[in-house]
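# Here's my sequence, what's the structure:
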Amino acid sequence: MGAIVLGDNRYGKAEIRLLRVTRGAAAHDIRDLTVSVALAGDFAPAHLEGDNSAVLPTDSQKNAVYAFAADGPPGEIEDLGLRLARHFLATSPAARRAQVRIDEHAWTRLDAHAFQAGAGGERRQACAIAEGDAAWVAAGLADLLVLKTAGSEFRGFARDRYTTLEETGDRILATAVTARWRYASAEGHDWAAAHGRARQAMLDAFAGRHSRSLQQTLYEMGRAVLEAVPGVAEIRLSLPNRHHFAMGSDDLFHVDDRPYGLIEGTVRREGAPPGPPLDW
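Sure, this is the predicted structure:
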């Protein structure tokens, strides 16, 4: 048997919750964020010898996130993530890479000072990575619930002796989209506008293009984002198939949340510069 060695490792503060209120004269605005920090680098002494001299406490990471958020309106989550990632890389000498992931939770305004949580739990996401002089920015969304009652089929599939599924030329297609895309550069983008175009491109592709499988729909949605947002180098989508089974008629369905088919894939721009994987 070979020697036992330490493999890849990282550490950080996960799911730091914060609500930032901006109190305008006529109305208040809120930003509801969940921030997670991960540092990777030369932390072997902490694992192998219990030597914590290079370990920036995760409590310090949490305090830095709150300090940055308190220093003024956070701006776009992509920019906040970049600022934090560069800060942690600079203040933790043993860190080789700093990753900051931010989820923004949607709220709908009811009046000047009251809000309602966004429908469906959809979250806007961003992930910034700093490593040496380089930086990468990825963005995305999670739990975007979509469904269509026509324009979807599934037939001509492979069969084995356990196959019982019947072919269909017309079915309900429903999924909760998780999409993460990486920008070719970390600067010079209108993050909010790019996010809006990417989201709308996915919705248009889902609704407007006939589906022969959820795999085909995934590719069409990814291609639509690359066409709509030239600054995006690649996009990864995860689409769980929210099955709807007919209950004796074409008008009544049983909704089954598990087990479910899970379709995942990446659509990339040929020749785009490489970057970190979109598995954060």
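
# how far does the helix or strand harbouring Arg199 sit from the chain's center?
Assigned by DSSP states H and E, Arg199 belongs to helix 191-208. Between the centre of helix 191-208 and the centre of its host chain there is 14 Å, according to CA atoms, centre = their mean, to the nearest Å.

# who does that helix touch, helix- and strand-wise?
Contacts defined by 3 or more CB pairs under 8 Å, 6 or more residues apart in numbering; DSSP states H and E place helix 191-208 against helix 77-91, strand 134-148, strand 173-183, helix 214-228, strand 232-240. The C-beta positions use only the backbone N, C-alpha and C, and glycine is treated the same way.

# which residues sit against that helix?
76-79, 124, 126, 139, 141, 144, 146, 148, 177, 179, 181, 183, 217, 220-221, 223-225, 227-229, 231-232, 235 (CB atoms under 8 Å, 6 or more residues apart in numbering).

# Arrange the helices and strands packed on helix 191-208 in JSON lines, one row each, with mean neighbour count, mean pLDDT and distance to Glu104 as further columns.
Shown next, in JSON lines, are those (neighbours: other CB atoms under 10 Å; pLDDT from 0 to 100; distance: least, CB to CB, whole Å):
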{"stretch": "helix 77-91", "mean neighbour count": "21", "mean pLDDT": "97", "distance to Glu104": "5"}
{"stretch": "strand 134-148", "mean neighbour count": "19", "mean pLDDT": "97", "distance to Glu104": "10"}
{"stretch": "strand 173-183", "mean neighbour count": "22", "mean pLDDT": "98", "distance to Glu104": "14"}
{"stretch": "helix 214-228", "mean neighbour count": "20", "mean pLDDT": "98", "distance to Glu104": "19"}
{"stretch": "strand 232-240", "mean neighbour count": "23", "mean pLDDT": "98", "distance to Glu104": "19"}
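
# Turn those into a markdown table, including distance to Gly24.
Output for the helices and strands packed on helix 191-208, formatted as a markdown table (distance: least, CB to CB, whole Å):
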| stretch | distance to Gly24 |
| --- | --- |
| helix 77-91 | 20 |
| strand 134-148 | 27 |
| strand 173-183 | 31 |
| helix 214-228 | 32 |
| strand 232-240 | 33 |
